[in-house]
Structure formats: C-alpha cells, structure tokens
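K.L.:
Structure for the following, please:
(one chain, ligands or ions: 2)
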Amino acid sequence: SCVHPDRPEPLDLHLGMFLPTLLNQATPEQMERFFTPAWNLRIIGTYAQTEMGHGTHLRGLETTATFDPSTQEFVLHSPTISSIKWWPGGLGKTSNHAIVLAQLHTQGRCHGLHAFIVPIRDMDTHVPLPGVVVGDIGPKFGFSEVDNGFLKLEHVRIPLDNMLMKFAKVEPDGTYVKPPSAKLTYGMVFIRSMIVGQSALALAKSCTIAIRYSAVRHQSELRPGEPEPQILNYQTQQHKLFPVLAAAYAFTFVGQYMKDTYRRISGDIHAGDYSQLPELHALSAGLKAFTTWAANAAIEVCRMSCGGHGYSRSSALPDIYVEFTPTCTYEGENTVMMLQTASRYLVKSYRQASVGQRLQGSVSYLSEAAAQRLRPRPVSGGAAPLSTQDLLSLVHLYQRRAASLVELAAKSIQQELQRGRSQEEAWNHSSIDLVRASDAHCHFVVVKLFVDKLEQVDDAAVKAVLSTLALLYALKGLADNSGDFLQAGLLTVPQATRVSARIKELLEELRPDAVALVDAFDLNDRKLNSVLGRYDGNVYEHLYEWARQSPLNATEVHESFHKYLKPLRSRL
Ligand SMILES: CCCCC/C=C\C/C=C\C/C=C\C/C=C\C/C=C\CCCCC(=O)SCCNC(=O)CCNC(=O)[C@H](O)C(C)(C)COP(=O)(O)OP(=O)(O)OC[C@H]1O[C@@H](n2cnc3c(N)ncnc32)[C@H](O)[C@@H]1OP(=O)(O)O
Ligand SMILES: Cc1cc2nc3c(=O)[nH]c(=O)nc-3n(C[C@H](O)[C@H](O)[C@H](O)COP(=O)(O)OP(=O)(O)OC[C@H]3O[C@@H](n4cnc5c(N)ncnc54)[C@H](O)[C@@H]3O)c2cc1C
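P.N.:
Ligands and ions are numbered 1, 2, ... in the order given. As a prediction, this is how the structure comes out:
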C-alpha cells in the first residue's frame, strides 16, 4: 500500500491466500521449504483454483495431478481449454509459484481436489518454466493494478513433497491416505471471514465521504428567501445515508465477531476438533454474501447522493465501488454461498430441531421455534405488540422471521418431493426460498450482534447514539423486508406504519451527530483519498486544484486539436 492504502495489489493473493493456505495445509517440512522464502518474497505465490470452465463447481474442476511412483512425482496437466486456470490474482506476471487445486489421481483412482505447490517461473530470470504457459487475462471492470492471469500446464512434473500434505497424504508407493475430514481441503473460510470486515470498511469510507460532503454542500431552497441549506438537512438525503451509517457500524461489529470466531474455531481445528467447522463455514459463507451484497448497493447510494461530483474520480466513490464489487463474486459467488448456508446448515438444523435436538451456535433459535410449534397457538393468532424502541424485542422479531423463512424453505422442499420430484429437483425448485432463508438468518445475526455489542459499551452518551443507530438499522431492515414479516404474521399494517414514522424520528435524532459518527471511523484523508470527503471540508478549492492537475490540462491546446479537429475542419 505504498501509493494508495486499500487499493488492490498484485501481492494480495500472495499475502491473503498463498501464505494462509501454507499455514493451514502445509506440513512442518513444507513450511520450512516454502513459507520462509515466501514470507521473504523470494517465493511469490498465488491461489490457482478457478478455471475458465469452472469457478463455483469445485468437483467439476478438470486440472489433473497424476502420481508417478516410478519417479516419485506428480504430473500436473490442463487437459482441455476449459481446464486452463483463469482469474488467479498475481498469476499473469507477478507470481513465480502457484498453489494449484487439481484432481488427484493415484493407483488408477481419482481422490478429488487437492492442493499442489507448482513453480511456474524461474526464480532468477522470471521466465516461465518448461510446460508452463502463463499470462494476463486482459482488461477487467477494475482491479487494473492486479495481473489476474491464466495458467496452462502441459504435463508439468513436481516432486511428491509438493502436495500440501498436512491433512491428506500420498505415500511413496502411491497409497492415498484420507484426511481426518474431507472438508479440511476446501479452504477459503479465512478470506470469506476477512471479507466481512472489508464490507464494513467499504461502507465506512463511502458514508464518511457522502455525509461529510452532504454537510458542506448547499443546494436549493428549504424556506423561500433563506440561504441554501446543507443537503444533509433534506429528509431524503438522511434516509439515503443514515441507514448506510448504521450498517457501517453494524458490519464493523460483525466483522470483529467473524474474525474472533474464525480465530477460535481454526484454533480448535488445529487442535484436532473439527466439530465447529460446519458453523464456521455456514457463518462465513452467509455473512460474506450478506454483507457484500448490502455494501455493494450502499456504495452506489453514497455515490449518487453526491450528485455529479460523486461520479468524479476525485470523490473516490467510483474507485471504492469498482474495487469492492467483485467481492460479491470471488471467494464464493454470493448466491451459491447463500445456498450453502441454507442447504448445508439451516435446513439440516431445522430438521434436527424438528425431532427435538437442542441446537447450539447461531441456529439455536431453531430449537426454540420447533418447541414453539408444538405449543398451542394463541387464539388471536395476530402479531405480537411491536415496540419501535425496544431493541431486544426487535432482535426477537428478526429471529422469528428467520425461523419462519427456514421453515418455509424446508416445507417447500417437502412439497416438491411429495409432487414426485427428485431430491436434486426439489432443492433446485426451492432455491429462491433457501436464499431468502439464509438472508433472513444472516440479517438476524447482524441485528443480534449489534445489540449484543451495546452491552459492552460503558459510556452512556456513546451507548445512546449507538442504540439509536441500532434501532435505525433494525427498523429500516424491517421496513425494507416488511413483506417477510407480514407474511409470517409478525407485523400488521398499522405497525408497519408506525415503523415508518419512527424511522423519520430517528433520522432527525441522528442529524446532529452524523458528522461526528463518521469522524469516529478515524479514516484519514490519505486513506479516504477523496476530495469530497476531506476532513477540513474545503472541497471546492481542492476540487478545482484536482481538476487542474488532470493530465488533459498539461497543455492549453491539446494535441487532438491539431491531429483531428483542424484537419476535419479543413475537409468540411
Ligand atoms: C500468513 C500471513 C498472512 C498475512 C496476510 C493476512 C491477511 C490478508 C490481508 C491482506 C491481503 C489482502 C487482501 C485479501 C486477499 C485476497 C483478496 C483479494 C482478491 C480476491 C481473491 C479471490 C480468490 C478466489 O476467488 S479463490 C476461488 C474461490 N472459489 C470458491 O469459493 C468456490 C465456491 N464453491 C465451493 O466452495 C464449492 O463448490 C461448494 C459450493 C461449497 C460446493 O462444493 P461441493 O464439493 O459440491 O460440496 P457440497 O455442497 O456437497 O458440501 C459437501 C460438504 O462440505 C462442506 N463444505 C463445503 N465447503 C466448505 C468449506 N469451504 N469449508 C468447510 N466445509 C465446507 C459442506 O457444508 C458439506 O458438508 P456436509 O456434508 O453437509 O456436512
Ligand atoms: C476480481 C476477481 C478475482 C479473482 N481471484 C481469484 C483467485 O485469485 N483465485 C481463484 O481461484 N479464483 C479467483 N477468482 C474467480 C472467482 O473465484 C470465481 O469467479 C467465482 O468463484 C465464481 O465462479 P464463476 O466465475 O465460475 O461463476 P459461476 O459459478 O459460473 O456463476 C455464474 C452464475 O451461475 C450461478 N450458479 C453457479 N452455480 C450455481 C448453483 N449451484 N446454484 C445456483 N446458481 C448457481 C451463480 O449464482 C451466478 O449467478 C476471481 C474472480 C474475480 C472477479
């Protein structure tokens, strides 16, 4: 981050995936042989999993690693055009090694995807090694600082000891030794967990820029004859930006929780206790999808709330968007991640709770819901009284919405099966419900963690303003998803009307603290890199200076006049 902090860089994959994968999957001997030189940037690596034909469907990846006992080597090969590794960051021109995910073949059998360390360029000349065809995949939507590359392997031989063997092993005679759990070779949970914090940072940066700018930008008339007001005084501007501010705080707390949970459970896994891996996978997959989708949309809200200057690169908002938006795709495409959380965790937990199993962790509420279903329903059947002030009751409302949508998805699968569909078809024809259930589950987790965090705040004034933000986050989510709550019988139309009114009150309450709340993120001007979001609010002078520095202004008459306009004029 020598130039712009937080900008994507060719070494991101080396730091964010190559090193962590070694840490998680290398033997002590391999750590010695690879981690030390990689830490010193002698080895520069990437994580080459995705192929031209497959990114999501890991079992469909085609690259092969065939063990040759006669030479004690693996032969790495790209058998088809669609098997060419495609997208890995830093692969095109930067890396001299790659962790290649390939289908392991030994003694005539395929044992699925495993990780292999493959040297791809000469350590001194950086020339591609024999059998290695490597390059950049070409211009992209953004990420221009990163050489996302392609890698075609033509019967490339690597030593037996280049297969990451902390969990699975191949013996010198070619015998395959299974890992303690097949799930250990998936990886990716680390970065998915980190991305939740990246969502919070992207939101914090975007709403800092937009709210500071909205405090210095004056426009139009609120009262005839009076000076033009700050645009932050318009209710619509507050309605756009303050929920983003609330989400930035919410996701900051969730990001901290995700990091702590990753650290705790990966520690258990290193100690041989794999019991919490399903919760970690489901939580990291779901929260990665939930927070990146929300942040992706919110960055655009912030950009558009700054009017024309928001569209200028001087605002930094276009760059924040372009750099953030691929988080919805990489490290697990969001829809697929939501389906993982639903199908591999929520529905499974729902079925366990339905037969009386006591659930732990983030799905424990499903046991409560199952018990509730066994109790006689209240005669009124109507929605419980709604407090637009009591955070704990709102957490409970989100919990019940999540339980309701998990049950709806599980019942949809059951109904499809009863219609005679196969298991696979039944699940596919319920996948919209499954995604909704995951979304609701993650939303409940975020609201609950936000409210739990308040219990740790001692300062009364800080606790009060954070409580207001938490209320706004919960009520805005309720308003935006009122259909779910109405459909589940958790909300009535009069209550929905009260929610909208309460949101307006909260916007007004937050207005005096809005700038202080973004200042509290403590994002300095260098990190924000935004003329609109400057701490000193001196926007116009610096906007003019920024434009004057534009390369196009290096000369008063641009060469295009002489090269194109003048000749064109003479021909007319
Ligand atoms: C050491 C020092 C480090 C210093 C640096 C520290 C920090 C980093 C800081 C700075 C670095 C800078 C930035 C950060 C770095 C990088 C970010 C920048 C760029 C982005 C890079 C992007 C990289 C990529 O995109 S990598 C490729 C990502 N691809 C995917 O995610 C593929 C998605 N698909 C899948 O995961 C799978 O196909 C699937 C959808 C899960 C389906 O798999 P399948 O085999 O079909 O499995 P099935 O659904 O049947 O489930 C079987 C079983 O397994 C369980 N399961 C599945 N996945 C996992 C998992 N990941 N973990 C655990 N368990 C898993 C699943 O629940 C099932 O269990 P069960 O049978 O039901 O019990
Ligand atoms: C900027 C960037 C950096 C990247 N860096 C790396 C890297 O360093 N290393 C690496 O290995 N990869 C990298 N990738 C690749 C990335 O991991 C994949 O693009 C991602 O996993 C999605 O896979 P895909 O592209 O095959 O999309 P697909 O899976 O083809 O998705 C296309 C559509 O199909 C849908 N779909 C797919 N499967 C299902 C399903 N089972 N059910 C329902 N819908 C489904 C998806 O929801 C999506 O709408 C990077 C990608 C980008 C954009």
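K.L.:
Quick one: residues contacting Leu449.
P.N.:
Contacts for Leu449 (CB atoms under 8 Å, 6 or more residues apart in numbering) come out as Ala250, Phe253, Val254, Tyr257. All C-beta atoms are positioned from the backbone trio N, CA, C, and that covers glycine.
K.L.:
Kindly report the same for Leu317.
P.N.:
Neighbours of Leu317 in contact, by CB under 8 Å, 6+ apart: Ser206, Ile209, Ala210, Ile299, Cys302, Arg303, Cys306, Gly310, Ser530, Leu532.
K.L.:
residue contacts, Gly272?
P.N.:
Contacts of Gly272 (CB under 8 Å, 6+ apart): Pro180.
K.L.:
Show me the contacts of Leu449 that map onto helices.
P.N.:
Counted as lying in helices by DSSP state H, out of the contacts of Leu449, are Ala250, Phe253, Val254, Tyr257.
K.L.:
ok, and which of those reach ligand 2?
P.N.:
Restricting the ones in helices among the contacts of Leu449 to those touching ligand 2 (CB under 6 Å from any ligand atom) yields no residues.
K.L.:
so which of those comes closest to ligand 2?
P.N.:
Val254 (22.4 Å; CB to the nearest ligand atom).
K.L.:
how about the helices in the stretch 251-400 of the chain?
P.N.:
Listed in chain order, the helices of the stretch 251-400 of the chain (DSSP state H, counting those that start in this stretch) span 277-304, 307-310, 317-324, 334-341, 347-354, 365-374, 391-418.
K.L.:
quick one on the thing from earlier: farthest-separated two in the contacts of Leu317?
P.N.:
Ile299 and Leu532 (13.7 Å; CB to CB).
K.L.:
and Gln487, how many residues sit next to it?
P.N.:
14 (other CB atoms under 10 Å).
K.L.:
How about the contacts made by it?
P.N.:
Counting by CB under 8 Å, 6+ apart, Gln487 touches Ser404.
K.L.:
got a markdown table for the contacts of Leu449, with pLDDT and neighbour count too?
P.N.:
Putting the contacts of Leu449 into a markdown table (pLDDT from 0 to 100; neighbours: other CB atoms under 10 Å) gives the following:
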| residue | pLDDT | neighbour count |
| --- | --- | --- |
| Ala250 | 98 | 28 |
| Phe253 | 98 | 20 |
| Val254 | 98 | 27 |
| Tyr257 | 97 | 21 |
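K.L.:
and stretch 258-268, how far from the chain's centre?
P.N.:
For stretch 258-268, the separation from the chain centroid amounts to 17 Å (computed by CA atoms, centre = their mean, to the nearest Å).
K.L.:
Okay, buried residues for it please.
P.N.:
Judged by neighbour count using 16 or more other CB atoms under 10 Å, the buried positions of stretch 258-268 are Met258, Thr261, Tyr262, Ile265, Ser266.
K.L.:
rewinding a little: how about the ones in helices among the contacts of Leu449 in CSV, adding distance to Cys442?
P.N.:
CSV is the format used below for those (distance: CB to CB, whole Å):
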residue, distance to Cys442
Ala250, 11
Phe253, 14
Val254, 9
Tyr257, 12
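K.L.:
These: which two are farthest apart?
P.N.:
Ala250 and Tyr257 (10.7 Å).
K.L.:
Read off the pLDDT value for the residue in the stretch 1-150 of the chain that ligand 1 sits nearest to.
P.N.:
Going by CB to the nearest ligand atom, ligand 1 is nearest to Gly16 of the stretch 1-150 of the chain, at 2.1 Å. With respect to pLDDT, Gly16 has a value of 92.
K.L.:
residue ranges of the strands in the protein, please?
P.N.:
For the chain, the strands defined by DSSP state E occupy 45-48, 64-68, 73-77, 85-86, 97-106, 109-119, 132-136, 149-153, 156-159, 169-170, 176-177.
K.L.:
Return the member of the contacts of Leu317 nearest to ligand 1.
P.N.:
Ligand 1 has its nearest neighbour among these in Ile299, at 17.1 Å by CB to the nearest ligand atom.
K.L.:
Go ahead and confirm the closest one touches Ala204.
P.N.:
No - taking CB atoms under 8 Å as the definition, Ile299 is not a contact partner of Ala204, at 11.0 Å.
K.L.:
In terms of neighbours, single out the busier of these two.
P.N.:
Ile299 (27 against 24).
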